[in-house]
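A.B. asks: Test case, fold it:
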Amino acid sequence: ASDPQQEKVNENLLSFVQNCARLRIEALDPTSKEDGSTEISREEAEAFLVEDSYCEASKKGIDDLMEESMELVRHKRLDWSQTDFEKDDDSNGHVEFVAAASNLRAICYGIAPVDSMETRRVAGQIVPAMITTTGLVSALSCIELLKLVQNAPLRRHRNAFINLALPFFAFTQPVPAETTPGVGDQVFTLWDRTVIKESKKAAAKGGIKLTKLLSRIVKKIGVDADSFRVATVSYGPYMIYASFMHEDDEELLNTPIWAAVVDALQAEEEFEGRDGPDASTDAQVGSLKRKRFVDLSVVIENVESGDEFEIPPVRILRIVL
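C.D. replies: A predicted model of the protein is given here:
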């Protein structure tokens, strides 16, 4: 059966790619507006979104593009053409782009998407607000983003405290993120992740198996596999694996991690004695199946001493075949 929410996401994704690509082309080549060559068809946008080669090379392609763009900016060889937002012209793709971008963000927060007509109405009222505080905050955020792209040290970044009504402007240097001790001399912050990518072979069989995941986690964090082991693996409040319970559980160890997480969600429902399927559990399972990654909480144990250590959340990247 079709998923209505996924259909809305797909529709807005197609519109976003179509209109964002068009506006980017026009920004780099203003003369292209005249011959209509900037318009992207729905078929082209759909082909771009489902292209396997793009999925595999997306990170490298984005990194290369960012480096090339920054090189052009540094040498002042990148000329951007300014485009004024025009909400009353249906042919320029402005309202369609704003509608698609805002709808995708709204869906992420469980807000119902709206059509282009409603977007046009709201855009006409929101301009005065955008040119004041919102415009200032957006500009300051973009400045900090440029510093991040340029790998500027933390001392070059700034927190901003602003009240236009007073007026009051204050800037402070941010403090480093709080660190948490890990294995040995390792430390990490809440921004760190231990990233593990599935192989195509594993994805074809339903995902990386739990036993393989456990060994890859130990290898990834750089500790001796004979001295350390994974003690527990959890998905939020749901226990997936515990060495003292499942070390010899061949059935669980040979289960793909995605299926193991679903089993844990459904087992919790059965444990609580709910009658019939639970809507919240079904929603979590449905959301998990749509995700391209999952974050797991993992604790590492020293086999000899029994000491336990936290590590950054383990992020498993799913490959969609």
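A.B. asks: Check this structure for its longest strand and report it.
C.D. replies: The single longest strand within the chain, with elements called by DSSP state E, is strand 293-302.
A.B. asks: What pairs with it, parallel or antiparallel?
C.D. replies: In the sheet, strand 293-302 lines up against strand 228-235 (antiparallel), strand 308-310 (antiparallel), strand 314-317 (antiparallel) (DSSP bridges).
A.B. asks: for the stretch 101-250 of the chain, what are the low-confidence residue spans?
C.D. replies: Scanning the stretch 101-250 of the chain for pLDDT under 70 picks out 125-130.
A.B. asks: All the helices of it, in order from the start?
C.D. replies: 116-129, 135-149, 200-204, 210-220, 243-246, 250-253 (DSSP state H, counting those that start in this stretch).
A.B. asks: From the contact counts, what lies against the fourth one?
C.D. replies: Going back to what we said before, that points to helix 210-220. With contacts defined as 3 or more C-beta pairs under 8 Å, 6 or more residues apart in numbering; DSSP states H and E, helix 210-220 has these neighbours: strand 194-197, strand 228-235, strand 238-242, helix 250-253, helix 257-271, strand 293-302. The way it works is simple: take the backbone N, C-alpha and C, and place the C-beta from them, glycine included.
A.B. asks: Nearest to residue 41 among those would be which one?
C.D. replies: Closest to residue 41 of the helices and strands packed on helix 210-220, according to C-beta to C-beta: strand 293-302, at 30.6 Å.
A.B. asks: and that closest one with helix 210-220, angle?
C.D. replies: Per axes from the mean of the first three to the mean of the last three C-alpha atoms, to 10 degrees, the angle that strand 293-302 makes with helix 210-220 is 70 degrees.
A.B. asks: Figure out how far strand 293-302 is from the centre of its chain.
C.D. replies: With C-alpha atoms, centre = their mean, to the nearest Å as the basis, strand 293-302 stands 19 Å off its chain's centre.
A.B. asks: hmm, back to that, hey, which of the helices of the stretch 101-250 of the chain is tucked in deepest?
C.D. replies: Among the helices of the stretch 101-250 of the chain, helix 210-220 has the highest mean neighbour count (mean count of other C-beta atoms under 10 Å), at a mean of 18.
A.B. asks: what comes into contact with it?
C.D. replies: By C-beta atoms under 8 Å, 6 or more residues apart in numbering, the surrounding residues in contact with helix 210-220 are 194, 196, 202, 208, 225, 228-230, 233, 240-241, 252-257, 260, 298, 300, 311, 314, 316.
A.B. asks: just to revisit the earlier point, which of the strands paired with strand 293-302 sits closest to residue 187?
C.D. replies: Taking C-beta to C-beta, strand 308-310 is the member of the strands paired with strand 293-302 nearest to residue 187, at 10.5 Å.
A.B. asks: taking the mean pLDDT, what do you get for that closest one?
C.D. replies: Rounded to a whole number, the mean pLDDT of strand 308-310 is 93.
A.B. asks: Can you point out the buried residues in it?
C.D. replies: Within strand 308-310, the residues that qualify as buried are residue 309, counting by 16 or more other C-beta atoms under 10 Å.
A.B. asks: Return the distance of it from the chain's centre.
C.D. replies: Offset of strand 308-310 from its chain centre (C-alpha atoms, centre = their mean): 27 Å.
A.B. asks: Just confirm residue 288 contacts residue 294, I think it does.
C.D. replies: Yes. Between residue 288 and residue 294 there is a contact under C-beta atoms under 8 Å: 6.8 Å.
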